[in-house]
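Trainee: Provided below for reference: sequence and predicted model.
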Amino acid sequence: MTKAKEGDTVKVHYTGKLRDGSIFDSSRDGDPLEVLLGAGKMIPGFEKEVIGMSPDDTKTFEIAAGDAYGLYREELVVEVDKERVPEDLNLEIGQQLVLRQDAQAQVIRVTVKDISEEGLTLDANPPLAGEDLIFEVQLVEIVSPKV
């Protein structure tokens with residue numbers, strides 16, 4: 001039976017959970033995820049686990065935080081003074097914002113962690129940073145095997 005290898009384009013269904021069992025993402029209610037193995041578009045641990053699977057195989061695996069979205073970094077949490085925040089922004093805790101970093105239009109995605117009289121606390125860590133992830137994956141199809 002054909003097994004997925006680096007360079008193959010595959011379709012997978014997946015469900016991603018945190019250690020507490022809460023689901024953070026799933027493809028089960030939609031189309032399977034199509035990914036080119038080895039292209040670096042997925043977290044590295046995910047691709048490593050799919051390599052070697054055959055169509056219809058299902059497996060469950062855990063990816064440590066360091067191999068997923070990285071460890072949580074306190075230095076990516078910043079306080080912004082109220083004077084630097086536009087008054088017309090209607091912000092809420094948990095809201096995600098896209099900030100322009102420089103003139104080259106590089107952007108940073110941040111999450112509003114706190115709102116106070118003094119200003120805002122913004123977190124530039126990915127939302128799943130510091131979390132160990134558990135995936136249940138089914139290889140649906142090898143779309144284009146590497147020759």
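Mentor: Everything's here; your move. Residues are numbered from 1 along each chain as shown.

Trainee: This protein: helices as residue ranges?
Mentor: Taking DSSP state H as the criterion, the chain carries its helices at 44-50.

Trainee: and it, what are its domains?
Mentor: 9-70+128-144, 74-123 (automatic domain parsing).

Trainee: Quickly compare these and say which is most buried.
Mentor: domain 9-70+128-144 (a mean of 15; mean count of other CB atoms under 10 Å). Glycine gets a C-beta too; all of them are placed from N, C-alpha and C.

Trainee: Now do the longest strand seen in the chain: everything it contacts.
Mentor: Looking across the chain with DSSP state E, the single longest strand is strand 133-144. With CB atoms under 8 Å, 6 or more residues apart in numbering as the test, strand 133-144 has contacts from 2, 4, 8-19, 24, 32, 34, 43, 45-46, 49-50, 53-63, 65, 68-69.

Trainee: give me that answer again for 6 Å
Mentor: Among residues not part of strand 133-144, those counted as contacts by CB atoms under 6 Å, 6 or more residues apart in numbering are 2, 4, 8-17, 32, 53, 55, 57-63, 68.

Trainee: correct me, but His13 touches Pro32?
Mentor: Yes - if you go by CB atoms under 6 Å, His13 and Pro32 touch, sitting 4.8 Å apart.

Trainee: Dump the domains of the chain into TSV; add mean pLDDT as well.
Mentor: Conversion of the domains of the chain to TSV gives the following (pLDDT from 0 to 100):
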stretch	mean pLDDT
domain 9-70+128-144	94
domain 74-123	88
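
Trainee: any idea how far the longest strand of the chain is from the chain center?
Mentor: Per CA atoms, centre = their mean, to the nearest Å, the displacement of strand 133-144 from the mean C-alpha position of its chain is 16 Å.

Trainee: Tell me which strands it pairs with, and in which orientation.
Mentor: Listed by DSSP bridges, the sheet partners of strand 133-144 and their directions read strand 9-18 (antiparallel), strand 58-63 (antiparallel).
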